[in-house]
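**Q** Got a sequence here, can you build the structure:
(chains A and B)
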Amino acid sequence: MHDKNVVRRRRAVLVLLVGLSIALLTVYFDEPGGGILHALQRGSQAVLGPIESGASRALKPIRDATGWIGDTFNAQDENDELRAEVARLRQQLAAGQTAQREADQLRALVDLPDERGYPTGVDPVTARVIAHSPTVWYSTLQIDKGSDDGLEADQPVVTGDGLIGKLTGVTGGTAEVTLITDADSAVSSQVVPSGTRGILMPTVGDPDDLLLDFLDNEGEVKEGATVVTSGSTSTEFESLFPRGVPIGEVSRVDPDERELYQRVHVKPFADLKRLDFVQVLTGDPPAEVAETDAVAVP
Amino acid sequence: MIVAPGTGVRMALILLIALVVQASGIAQVTVLGASPDLMPLVVAGVGFLAGSVPGAVTGFAAGIAIDLALGQTVGATSLVLTAVGYGCGRYRELRDPAHGLAPIAFAGVATAGYEVGMAAVSFMLGIEASVSVLVLREAIVTVLLNILLALPVFWVLRRVLRPSLVVDPLARGRGREQTRAAGPLGLRGLEV
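**A** You can find the predicted model right below:
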């Protein structure tokens, strides 16, 4: 008799917890961003933020030590890659300086504002990464700045290497960054110097491989070409990202894939697995390029 | 169900510490492209030491904590971790493994189950991903890293939970007298 009760209660607990999980899943998907579960999520992030911030600082020496061990193993390969990249960048620098001189002269002729670095009106806010999502299925991280520092949802997030994502949730002292490798991410981008435009999508599970999809057929796309944000301001779907923020380089062009699916592979510049500090681009950059082709991009 | 305050507080503290250490430290340590994952390890440990119901409850709480703290789909991780905790606890109750190295096997199977479960739930939620070599490699490396961490994590869990344990499988494996007047569940103070 006692055993039967135990079995019944044990099963009841399991059914209750599984049912509760499924109910939460359903409610979470159905409710809007301001719903109770989303509010609870923001609240718990605000409460845990200071604890995670302290733990992040305390655990940094351990992270650095393990990172150093890994780096030592990879140093030789990385050295060879960097030498090849330096040679390539020298050539690009020479070409870039020539192009810059010509561009300056042309700007002066047509009286355009001189834009270098971030667009006018953008104010970068530096933040420390305090938590990472642990699975390949969710590519998010938490930072120690929030609405108190002027951050708002949908603002772009960058590192010294390039674009890494955008803000998707903001509390007073923390914010959630959804990386460009998250399944929900899509970035309006273009290949330079050809100017070919497309939408940059993730390959879930492989943070080193992004897909530049829906490429227009104009212009040639070569391996090694740089991919930057296009900053399009279509009348229907405006890009969140300012124009010209570097994202990565074209790592593979499969002729069949290019022909059939209009896409190429891109390797992001930023190491998304190891981020300690990021910058959030706050403020409203001025409109850059107006496009007529309406493509759904965030 | 009666939950003694001491038992509940101890389990809550374990989860909070594991979550913070995981999110702020371990998730950023990559070995061969993957990181260890403390949460399935902790849930498996509680299931192994305390039984199926504490395992399932801990798994549910750990999953909710992860989903809320890291901005993930609420309910997804709790669903998988509830199953992991319950499964580990049931296996312990049915087979009663007392070998000193049993935590290694539990850690490996629990982590593999968690990885497969998360993949299945993610696919059901519409997150499309090709089953690439990289995804498989990352899952396998995570399992191996968790196996390496199994003994110290289970040791810490056992130290913390020991005052509440009705039956300590590891101590019995070493021939010590441990079995007490057993309640239906694995933890004293957490009884039906």
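**Q** And what about B:Arg158, helix, strand or coil?
**A** helix (DSSP: H, G, I helix; E, B strand; the rest coil).
**Q** Helices along the chain, start to end?
**A** Using chain A. Ranges of helices within chain A are A:2-30, A:36-110, A:255-261, based on DSSP state H.
**Q** Sorry, I should have been clearer: chain B.
**A** B:5-24, B:38-50, B:52-69, B:76-95, B:102-124, B:133-161, B:169-173.
**Q** which one of those has the lowest average pLDDT?
**A** Mean pLDDT is lowest for helix B:169-173 among the helices of chain B, at a mean of 64.
**Q** about what we covered before: export the helices of chain B to JSON lines and tack on mean neighbour count and distance to chain A?
**A** C-beta: built from backbone N, CA, C; applies to glycine. Below are the helices of chain B laid out as JSON lines (neighbours: other C-beta atoms under 10 Å in any protein chain shown; distance: least, C-beta to the nearest C-beta, whole Å):
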{"stretch": "helix B:5-24", "mean neighbour count": "19", "distance to chain A": "4"}
{"stretch": "helix B:38-50", "mean neighbour count": "29", "distance to chain A": "7"}
{"stretch": "helix B:52-69", "mean neighbour count": "27", "distance to chain A": "4"}
{"stretch": "helix B:76-95", "mean neighbour count": "25", "distance to chain A": "4"}
{"stretch": "helix B:102-124", "mean neighbour count": "20", "distance to chain A": "4"}
{"stretch": "helix B:133-161", "mean neighbour count": "18", "distance to chain A": "4"}
{"stretch": "helix B:169-173", "mean neighbour count": "18", "distance to chain A": "18"}
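**Q** These into JSON lines, with extra columns for distance to A:Ala58?
**A** Listed next are those as JSON lines, based on distance: least, C-beta to C-beta, whole Å:
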{"stretch": "helix B:5-24", "distance to A:Ala58": "8"}
{"stretch": "helix B:38-50", "distance to A:Ala58": "16"}
{"stretch": "helix B:52-69", "distance to A:Ala58": "18"}
{"stretch": "helix B:76-95", "distance to A:Ala58": "25"}
{"stretch": "helix B:102-124", "distance to A:Ala58": "25"}
{"stretch": "helix B:133-161", "distance to A:Ala58": "18"}
{"stretch": "helix B:169-173", "distance to A:Ala58": "30"}
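**Q** sorry, back to before: and the helices of chain A, which one averages the lowest pLDDT?
**A** helix A:255-261 (a mean of 73).
**Q** and that helix with chain B, contact?
**A** No. On the criterion C-beta under 8 Å from any C-beta of the partner chain, helix A:255-261 is out of touch with chain B, staying 13.6 Å away.
**Q** That helix: how far from the chain's middle?
**A** 25 Å (C-alpha atoms, centre = their mean, to the nearest Å).
**Q** What are the contacting residues of that helix?
**A** Applying C-beta atoms under 8 Å, 6 or more residues apart in numbering or on different chains, the contact partners of helix A:255-261 are A:Asp213, A:Leu215, A:Val221, A:Arg263, A:Val264.
**Q** Quick check: bridge partners of the last one?
**A** Read that as A:Val264. A:Leu212 (DSSP bridges).
**Q** Look up how far A:Ala186 lies from it.
**A** 16 Å (C-beta to C-beta, to the nearest Å).
**Q** between those two, which one's more packed in?
**A** The neighbour comparison of A:Val264 against A:Ala186 (other C-beta atoms under 10 Å in any protein chain shown) goes to A:Val264, with 25 against 17.
**Q** ok, that one touching A:Leu210?
**A** No. With contact defined as C-beta atoms under 8 Å, A:Val264 does not count as touching A:Leu210 (9.7 Å).
**Q** between the helices of chain A, which gets nearest to A:Thr178?
**A** helix A:36-110 (13.3 Å; C-beta to C-beta).
**Q** so what's the residue most central in space within chain B up against?
**A** In chain B, the residue lying closest to the centroid (C-alpha atoms, centre = their mean) is B:Val43, at 1.7 Å. Residues near B:Val43 by C-beta under 8 Å, 6+ apart: B:Gly55, B:Thr58, B:Gly59, B:Ala62, B:Leu81, B:Val84, B:Gly85, B:Cys88, B:Ala110.
**Q** nearest spatial neighbour of the first one, skipping sequence neighbours?
**A** Leaving aside its sequence neighbours, B:Gly55 sits nearest to B:Gly47 (C-beta to C-beta, 6 or more residues apart in numbering or on different chains; 2.7 Å).
**Q** Show the contacting residues for the one you found.
**A** Neighbours of B:Gly47 in contact, by C-beta under 8 Å, 6+ apart: B:54-56, B:58-59, B:84-89, B:92, B:106, B:110.
**Q** ok, of those, which one's closest to A:Ile62?
**A** Nearest member of the contacts of B:Gly47 to A:Ile62, counting by C-beta to C-beta, is B:Ala110, at 24.2 Å.
**Q** Quick check: closest non-adjacent residue to the closest one.
**A** B:Ala44 (3.4 Å).
**Q** Sort out which residues of stretch A:209-221 are buried, please.
**A** A:Asp209, A:Leu210, A:Leu211, A:Leu212, A:Phe214, A:Leu215, A:Val221 (16 or more other C-beta atoms under 10 Å in any protein chain shown).
**Q** ok now do the first one, which residues does it touch?
**A** To tie it back to what came earlier, the one meant is A:Asp209. A:Thr203, A:Ser251, A:His265, A:Val266, A:Lys267.
**Q** and the residues you listed, which are buried?
**A** By neighbour count, with 16+ other C-beta under 10 Å, the contacts of A:Asp209 hold A:Thr203, A:Ser251, A:His265, A:Val266 as buried.
**Q** State the pair within those residues that is farthest apart.
**A** A:Thr203 and A:Ser251 (11.2 Å).
**Q** In space, what's closest to A:Val280 - neighbours in sequence excluded?
**A** Nearest non-adjacent residue to A:Val280, counting by C-beta to C-beta, 6+ apart: A:Val125, 4.8 Å away.
**Q** What's the separation between the one you found and A:Gly146?
**A** 10 Å.
**Q** quick one, which of the two is more surrounded?
**A** The neighbour comparison of A:Val125 against A:Gly146 (other C-beta under 10 Å) goes to A:Gly146, with 24 against 18.
**Q** For chain B, see how far away the more buried one is.
**A** Here A:Gly146 is placed at a distance of 13 Å from chain B (C-beta to the nearest C-beta, to the nearest Å).
**Q** if I pick that residue, what's in contact with it?
**A** So A:Gly146 contacts A:Ala46, A:Gly49, A:Val170, A:Thr171, A:Gly172, A:Gly173, A:Thr174, A:Ala175 (C-beta under 8 Å, 6+ apart).
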